[in-house]
Each structure stands twice: as structure tokens, then as C-alpha cells.
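Q: build the 3D model from these lines:
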Amino acid sequence: MRLHRLTVSAFGPFAGTQTVDFDTLAAGGLFLLRGATGAGKSSVLDAVCFALYGETPGARRANRLRSDHADPKRLTEVRLELTLGGRRLQITRLPEQRRPKKVGAGTTVERAQTLLREWVADSGDGTPGWHGISKSHQEAGEEIHRLIGMNREQFCQVVLLPQGDFARFLKADSEERGKLLRRLFDTERYRHVEDWLAEQRRAQEAAVQAGRRRLRDLASKAEQAAGPGAEPPEGWVPDTDSDAGLTAGVLGWAAVLRSGAAEQAAVAEAALAGAESAQRAAQRQREAAEELAGRQRRHREALARAERLAGFEPAAAEDRRRLAAAQDAVGVESALRLRESAAEAFRRAQEAERLHRAALAAAPGEDGRALRGADAAELAEAELRLRAEVVRLEAARAEERRCTELLREQRSLAADRSAAETLAEEAEDWLAEFEGELARLEEQHAHARSATAKVEQLDGQRAELAARLDAARERDGLRAEITAAEPRVAELRTAALDAREHSLDLRDRRLAGMAAELAEQLRTGQACRVCGSPDHPAPAEAAPGSRVGAEDEERARRAQVVAEQAWTAAEQALTALRVREATAAGAAGPDGPDVLAQALAELEREHRAARHAAESLGRVEQEIARLSQDRARRGDELREAKERTAVLTDRLQALNAEQEALAARVAAARGEAATVADRAAALTRLTEEVAAAAAAARARAEAAARLDQAEAELGKAAATAGFADAGAALAVLLPREERERLEARLERHRAETAAVRRELALPELAEAAALPPVDLSGASAALRAATDRLGQAHAARAAADERCAALATIGRQLAGLAAELAPTLDRYERINRLASLAAGTSTENRLRMRLESYVLAARLEQVAAAASDRLVRMSGGRYTLVHSDDRGTGNKRSGLALRVVDAWTGTERDTATLSGGESFFASLSLALGLADVVTDEAGGMPLDTLFIDEGFGTLDEQSLEEVMDVLDGLRERDRAVGIVSHVADLRARIPAQLLVHKGRRGSTLALAGREDA
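A: Got it, this is the predicted structure:
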């Protein structure tokens, strides 16, 4: 990597645009950056870092990038040309910043920009030039990082060797030194390996612990299944998870439990067989006793039933007699019921005939009274004749209804014809007045349209005058505000300039007394912050009354900022007022507000009159449209009314002729009745009464015949049954329900008597009755006792079987768990050993060094070896740096210690014992060695440009000469080295110099021998 040109604008202390030509500056290989303290020497390095990475070095990242001295309109920009990997690139970066708005007052945010370009032989038109690669922050950053091979922190440590960092690195403890090495060598992957191993160990340990818990759970289940007295032996689960016999003890104990459970099951099986035999014998004895007791009870019950049946025998004989007589009279009962039914039917038929004939006599007209004494045949003939007359009247009823409909239709048609004639007359009258009304409306329409056009014209004139009047009033008001604001702006400008002059004066005075201020901070034995020496022979002193502190300078700076902000705000407000006044004056014209207001009032009066006339336009247009629609509608109504009148007249004439013919036929049909319907209803009622009377006469004759027949049948039935007459049969006759009840009772008596005789005749009952009574409760008690013993034996056998099954299942589970835990324990043992070794906690790791520290220690050995090559030359062959892996004190771990070997004494001692100058060239050697190692680590990208920031003030002349010899050696292979320092001796030794001048308007850059404005 070689730098060619750096251009900065409004960056850090540089208010304008400054350019550094590194090709010219580093032509000799070694150049010096010098200037007063605070001038901006380190800002040049900040600009290089910002161009490459978009950020400044870590120690100065919080500083603002934009210059406080810059013109607000000038944007902060950094452009760097360099060669990376054989490619010449140009990087341009603009940070996010505020700038004045292009239109209006105030500021806006300008977004950050990045542009990466490459110099090519053909830029597209056949000529060499810059070719754009990317405008994306991310893409440009990734490309630059790929070419350099280092991140920002590595670059700042390797290329921009920072102030004091390596002195702290030289004397830091292992923890602090490890932080820097981790950032530079990116050993995070090794820490991830440590974390991964620790995580795997925790996971495997959790699996082992889970296995131990499952083992304990299965052991508890086995103990519970085996019952009391089955406690596991001591130490059945080993304390160490890596023990291969983790499950051996519990497996043996489980086997013992299964053997004992099998013996208990055999004992329970034998006891169950004996209990079953005893229970079966007791069951048989109980069944025999129950059978004998049942036979004895049956015999006793049979004797009691026989005695009860013997007492019921006289009543049974009487029931048999009554039943026999009632059964003989059953044949007369049906004939008697038939005669009674026939007599009741005859009576009802006589009453019905009487009522129908009375109704027939009460019917209106002579026909009903003439038929009152007629017989059944005459009544049937009269019914047929009347029904034929009713059928003839149905046709007359239809003609009568048609006459009624014709009358209604004639009245409706007459009304419709009258309405049509009236509508035709109204339409003729309206059409006669149409033309005059239309001419009147068209005249009003023309007048309203001319008024509408005038309103539109006046609207434009009125709006223009109103805008001019508002602008004139605003113009006069703004002029008054401008007159009042101008003196205030002048006062604020004067105050801001005074505050700036005061702030700059205090800054110059403080810089002049900076040596005294730094001297006050010196402490005996502590290194100087400027030169690094612990000796302070002649510290500077401040002149009386000239002391200016940082607080004074900060108060003055804040007062300056407040004054400048007030002036800027007032100036912007005044400019805005002037712009608004110019705009309002252009819009108002030369006339004043009074003239414009009078002209606007006159236009308003004229506008109101024209608008009033124009408002009638819509109404007139609506009336004309409505009148046209009414004319068409009236014409249609007149034509339709005339046509409808003619049609209705023809229809009325046809209906009149039809109605006259039908009226004659209807009058003949209705006779003396009011209507044909009344006549037909009367004949229908008479026909129904005649038919009812005829049916009643026929029913009475039939009922009389059936009654005579029933009387004859009753006499025959009584004689056949052996009774003198029907009365004798009726005396002994019983209802059917009573007969059925007697038959059922006698049948139950007979059946029960036979059953008792059969029961008493059984020999087993007689034998049982001869024996003494059975002790059934004793047999039951013996059976219950045997059954209880059998239940207990079954429960014991089931418990033994369940215990054997449970222990067998648990044994299989324990065997499976043992097989499952074997690989888990093996993995845990291996991963635990690796994790402890990587974490530095294992006894095998004698240095207690973590994996990441081990890698960093290897890198530190390389750094110490590379640094010693230069330190030997700088110290005249006296000192070398070595890496030490001695264990730290207390709980501190080893691996990242540095020791210095003194060749004069042959001793190895701590780096903190070096003097100020010795510490400088030891730190410089360490920085250069670290740069070499990091470069190799990053892929060997050649670093053709290198910067060393401060520290030379601690060296004596001989040491400085030796350091310069080493730096001269860095120029080999065309390498450029820049030294940032204000040591006077270096000015004579290094002819190529970049001067940084500090001033009130910002800093500037210039090459030695010429000044850049």
C-alpha cells in the first residue's frame, strides 16, 4: 500500500482545501510532519484513516470531523489517492453534515457519500482516466478491506503507530496486552472454540445428570415394587460420572430383588391352591344345606295350601251351580238383545219421520203442504221433479250474474268516457296559451346569460385587485419590520465579532502558557506527557497575570458560539424579511392601499348587481325545459283522449244490446222471487226436505219389519233353552264379565288343588320333612370364611405376579439405560477433558493457559522476535525482548508476559524497569515488529507508507542516532516512513517536511521551503 495524494476540505482544523502530495513528500523515503501543538498534525493521519474506513482512529473517534472555521457553504470532504494490490484507486468520502438550504433560510442534513474510483488505461473514450467502481458505503468498504487485508484497528496499529499506545502495551499486564492482541490478530474464533467446548461439556454433563436421575428413579420404582425391606446397598450409584460401573451396582441389586420376588410368587401359588380346595368343599356343603332346607320349606308350604283349599270347597260348589244355569241361558241372551235393539230403532225412525213431515208442512208455497200426507213413493217422485227444476235454474242464475256485470261495466265505461272528454278539453286550452309563455321565458334567458358572462369577467378583476391590496399592505408592514430589524442585526454582528476576537485572544494566550500548564501537571518520577522522561530539571512557569485556563477558554468559546448563533439567526430573519418585501412589492404594483381599496369597492358593487341578475339563469332554463316537456305531454294526452273516447262509445253500444236480451230471459226464470238465485235456493231447500221425509218413511217401515222379526226369534230361543218363556231365562242370566270371573276363579281353584297334591306326592319332599331342620347359617359362615381365605390367597398371588412383572420391566429398563449411558459417559469424559484443557483449568495444562491465550502467545513470540531485531540495533546491542509463559501471581493466568534481557548484566527483568528513552525505542521496536507480524497475518500486503506518531523527545543524541538508523532501514524496498514530531533535532536530520501552520481562520499545510495559502 502506497499513498499518493491526500486532499481535505473543511476537515478537522483545516477550514479550506488542503492537499498533501505524498509522492513528492516521500521521495527520499523519510519525511517529517511538524507543527505547533494542536495545529493538526494527527488530523492528517485521521483523514487517511477516514478515507479508507469511514471512521477516524479509536482514540479520536468522538471528535467532530467538520471544521469549526469552515465556511457554512463548504462541505467537509476527504479524497485519497493510493495504490493497493497494484491498482491505483481514488477514495472520496463526505460525512453526514448540516449545510445551508439552497432555497429559503435554515439548514438541512447532507447525507454521507462515498465514491470509489480506479485509474484505467481506457476510460471509455480511448483515453486514460478515472473509472467509477462503487458509490455504496458497504461495497466500497468491503473492496478496500479485501485489498488491504486489515480492519481499521489493525491498520491504525500497523500503519499509524499511535501516540503512547505501545508504551502502554510494553508495560501492560497480560490482560491488557491480550485485549490489543485480540483486536489485531482476530483470535475470536479460538475463543468461540473454547465457548463451544464449554457448551458441549454442559450439554453432555446435563445428559449424564439426566441419566443419573433416571437411574435413581428406576431404583426408587424397583424399591417400591419390591416392598418393605428392599433398600439398595450403600454406594450403589458412583459419585464420579466417568466411572464405567455407574449402573453395575443397581443392576446386581435389581437381580437380587427379582430372585426374591420369584420365590414369593411360588409360595403364594401353593397357598392359593390350598385355599381354592377348601373353598370348593365349603361351597358344596352350603349348596347341600340350601337344597335340603328348600325341600323342607316346600313341604311345609304345600301342607298349608292344602288346608286353605279344603276350606274354600263349599263356595266353589255354589259357583259351579250358578255358572251352569247362566251358561244354559246364554242362547236366549242374544235374541233378547236383538229384540231390544230393534225396538229402539223403530222408535227413533217414527220420531224422525214425524219431524221431517212437520218441516215439509211448514215450507212456503203449496208444494210442501200438498206433500205432507204423501207416502214414500210419492215423496220420491216429487224429489226427482224438484231436482230437475233446480238444474234448469242454474243456467238462469249465470245469465242474471252476467246482467249485473254488464250494468257495472256500463257505468265504468261511461265514467271513463267522461274523464277522457274532460282531459281533451284541458289539453286544447293549455296548448292555446303555450306560445306566449315560451316567448316570455326566452327573453328572460337571454338577459340572464349576458349577466353571467359579466360576473365571470368581474371575478377575475376582483381577485386581482384583492391580491394587489393584500400585497400592498404586506409590503408596507414588512418595510416597517426591516427598518426596525437592521439596527439590531448590526449590534449582534458587532457582538459576535468581539466574542470571536476575545475567544481567539484567550486561545493564543493559553497556547503561549501551555508549557507552564503542562509543567504544573508534572509529578516527580512520572513520565512527561510530551517527552516521556521521568526527570523534570527546569519546568516552565507562567508569567504573573497571564494565566489562562481551559475553563476560561471554554467559557469564551461558548460565548462566541452563542453570539454567532444569535447574529446568524438575526441575519437570516432579516434576509427573509427583505425577500418577502420584494415579493410583495412586485405583486402590489405602484399604487397604494387606499387607491386599491376604493377600486375594489367599486368592483364589488358592480359584481353584486351582475350576480343578482345572473342567479335567475338556472331557474329560467329549468322553466323552459319544463315548458317543452309539458307541451309534448299535453299533445300526447289530447291524442290519447280522443282515441279513448271513440273506443269507449263503441263498447257502450254493444253492452246495451246484450244487457236488454239477458234481462228478458232472467225475468221469466225468477218468477215471483226477487232474483233467480232466491228462486233456486227456495227450490233447493224444498227438495232437500222432500228427500229427507222420503228417507224417514222408508226407514220407519224397515224398522217395524225388523222389530217383528226379533220378537219371533226371542220366543224360539227361550223354548229351545228349556225355559217356559223368555222371562224365566232372563232371571238366571249373568253378564259375560261375571261368567268369565266365575270360570277363572274355579279354574284357579282346580289347578292349585292339583298342584298341591303333586307337591305332597314327591318322595324327596317326604324324606326331607322326616329329617331334622338344617343349620343354614353355620354352613354360610363356613363358606364366607373359606371365601375370604381364597381372596387373600388370590391377592397375594396377584401381588407376587405384579411384583415379578414390575421388577422384570424395571430390570429391562435398567439394562437399556446402562447401554444408553455408556456412549454418553464416554463422550462426556472426552469433551470434559478437552474443555478443561482449552479453558486452562485442567491439571494437564501446567501453564493454566487458555486456548486463545496460547494462540496469542505464539503471535507474541513472533512479535518479540521481530521487535528484538530492531531493539538490538537501537540499544547498541544491549536489549532484546522475549516472551515469557511464567504463571502470574495469585489467580492470574500465564502466557502473555514480556521480559527484557539485558546483555550487559545477563539478567532478565520486567519492561517497567526501562527508563523513558529506553521505553521509547523498546516501544518503537515492539510497534514495528507487531506491524511486520500483522502484515504477514493479513496476507503479506506490502506496506509502502508508514507513520510514527511522537515519542522522540525522550532520546539523547546517541539513542536518537541509533533509532534513526533503524528507521532508515525501514526505507528499504522503496518504503516511505513519516514521523509526526516537533523535536527540533529531527528538522535538521529529515529534509522532507510537511509543515502544519495554526491560525485564527484554521490550519494550513505546506511542504518545507514553500507556503500554501
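
Q: which residue is the nearest non-sequential neighbour of residue 18?
A: residue 1005 (4.4 Å; C-beta to C-beta, 6 or more residues apart in numbering). The way it works is simple: take the backbone N, C-alpha and C, and place the C-beta from them, glycine included.

Q: tell me, how many residues neighbour the one you found?
A: By the measure other C-beta atoms under 10 Å, the count of residues near residue 1005 is 23.

Q: quick one: average pLDDT of the helix or strand encompassing it?
A: Assigned by DSSP states H and E, residue 1005 falls within strand 1004-1007. Taken as a whole, strand 1004-1007 has a mean pLDDT of 90.

Q: for that strand, packing partners?
A: Counting contacts by 3 or more C-beta pairs under 8 Å, 6 or more residues apart in numbering; DSSP states H and E, strand 1004-1007 is packed against strand 14-21, strand 993-997.

Q: got a list of contacts for the first one?
A: Residues outside strand 14-21 that contact it (C-beta atoms under 8 Å, 6 or more residues apart in numbering): 4-10, 40, 43-44, 67, 69-71, 74, 994, 1001-1005, 1007, 1012.

Q: quick check on these: which are buried?
A: 4, 6-10, 40, 43-44, 67, 69-70, 994, 1002-1005, 1007 (16 or more other C-beta atoms under 10 Å).

Q: circling back to that earlier point, any chance of the helices and strands packed on strand 1004-1007 in TSV with mean pLDDT and distance to residue 251 as columns?
A: Shown next, in TSV, are the helices and strands packed on strand 1004-1007 (pLDDT from 0 to 100; distance: least, C-beta to C-beta, whole Å):
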stretch	mean pLDDT	distance to residue 251
strand 14-21	92	83
strand 993-997	90	84
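
Q: which stretch among these comes nearest residue 771?
A: Closest of those to residue 771 is strand 14-21, at 140.5 Å (criterion: C-beta to C-beta).

Q: give me the mean pLDDT for the next helix or strand after the closest one.
A: Tracing the chain past strand 14-21, the next element assigned as helix or strand by DSSP H and E is helix 22-25. Mean pLDDT, helix 22-25: 87.

Q: repeat that for stretch 410-424.
A: 82.

Q: what residues sit buried inside it?
A: Neighbour-count burial for stretch 410-424, counted by 16+ other C-beta under 10 Å, picks out 413, 416-417, 420, 423-424.

Q: in the chain, which helix is the longest?
A: Secondary structure of the chain per DSSP state H: the longest helix is helix 376-512.

Q: which strands and helices sit next to that one?
A: Using 3+ C-beta pairs under 8 Å, 6+ apart: helix 376-512 touches helix 550-588, helix 593-614, helix 616-670, helix 676-720.

Q: rewinding a little: closest one to residue 616 among the helices and strands packed on strand 1004-1007?
A: Proximity to residue 616 (C-beta to C-beta) singles out strand 14-21 among those, at 75.2 Å.

Q: between the closest one and strand 993-997, how many degrees?
A: Interaxial angle of strand 14-21 relative to strand 993-997 (axes from the mean of the first three to the mean of the last three C-alpha atoms, to 10 degrees): 170 degrees.

Q: strand 14-21 pairs with which strands, and in what direction?
A: Note on strand 14-21: by DSSP bridges, its sheet partners are strand 2-11 (antiparallel).

Q: what average pLDDT does the strand it pairs with get?
A: For strand 2-11, mean pLDDT is 92.

Q: quick one: that strand to chain centroid distance?
A: 52 Å (C-alpha atoms, centre = their mean, to the nearest Å).

Q: how far out from the middle of the chain is stretch 214-229?
A: Taking C-alpha atoms, centre = their mean, one finds stretch 214-229 lying 48 Å from the centre of the chain it belongs to.

Q: buried ones in that stretch?
A: 215, 218-219, 221-223, 225-226.

Q: strands along the stretch 151-300 of the chain, start to end?
A: For the stretch 151-300 of the chain, applying DSSP state E, counting those that start in this stretch gives strands covering 160-161.

Q: okay, residue 920: pLDDT?
A: Per-residue confidence (pLDDT) for residue 920: 74.

Q: what's the local residue count around it?
A: For residue 920, using other C-beta under 10 Å, the count is 28.

Q: just residue 460 next, same as before
A: Count around residue 460 with other C-beta under 10 Å applied: 9.

Q: could you do residue 685 as well?
A: By the measure other C-beta under 10 Å, the count of residues near residue 685 is 14.

Q: residue 498: neighbour count?
A: Residues lying near residue 498 (other C-beta under 10 Å) number 13.

Q: make that residue 526, sorry
A: Around residue 526 there are 10 other residues, counting by other C-beta under 10 Å.

Q: can you classify it as helix, strand or coil?
A: Counting by DSSP: H, G, I helix; E, B strand; the rest coil, the backbone at residue 526 sits in coil.

Q: where does the stretch 1-150 of the chain dip in pLDDT?
A: Applying pLDDT under 70 to the stretch 1-150 of the chain flags the ranges 58-64, 122-126.

Q: identify the residues contacting the residue nearest to residue 18.
A: When contacts are counted by C-beta under 8 Å, 6+ apart, residue 1005 is found next to 14, 18-20, 44, 994-997, 1012.

Q: next, the angle helix 593-614 makes with the longest helix of the chain.
A: Between helix 376-512 and helix 593-614, the angle comes out at 170 degrees (the same axes, to 10 degrees).

Q: sorry, back to before: I'd like to know which of the helices and strands packed on strand 1004-1007 is closest to residue 666.
A: Closest to residue 666 of the helices and strands packed on strand 1004-1007, according to C-beta to C-beta: strand 14-21, at 129.3 Å.

Q: what comes up buried for the closest one?
A: Across strand 14-21, burial judged by 16+ other C-beta under 10 Å covers 14-16, 18, 20-21.

Q: hmm, back to that, in helices only, show me the buried residues of stretch 214-229.
A: Among the buried residues of stretch 214-229, the residues falling in helices (DSSP H) are 215, 218-219, 221-223, 225-226.

Q: which SS state does residue 89 fall under?
A: Relying on three-state DSSP, one would call residue 89 strand.
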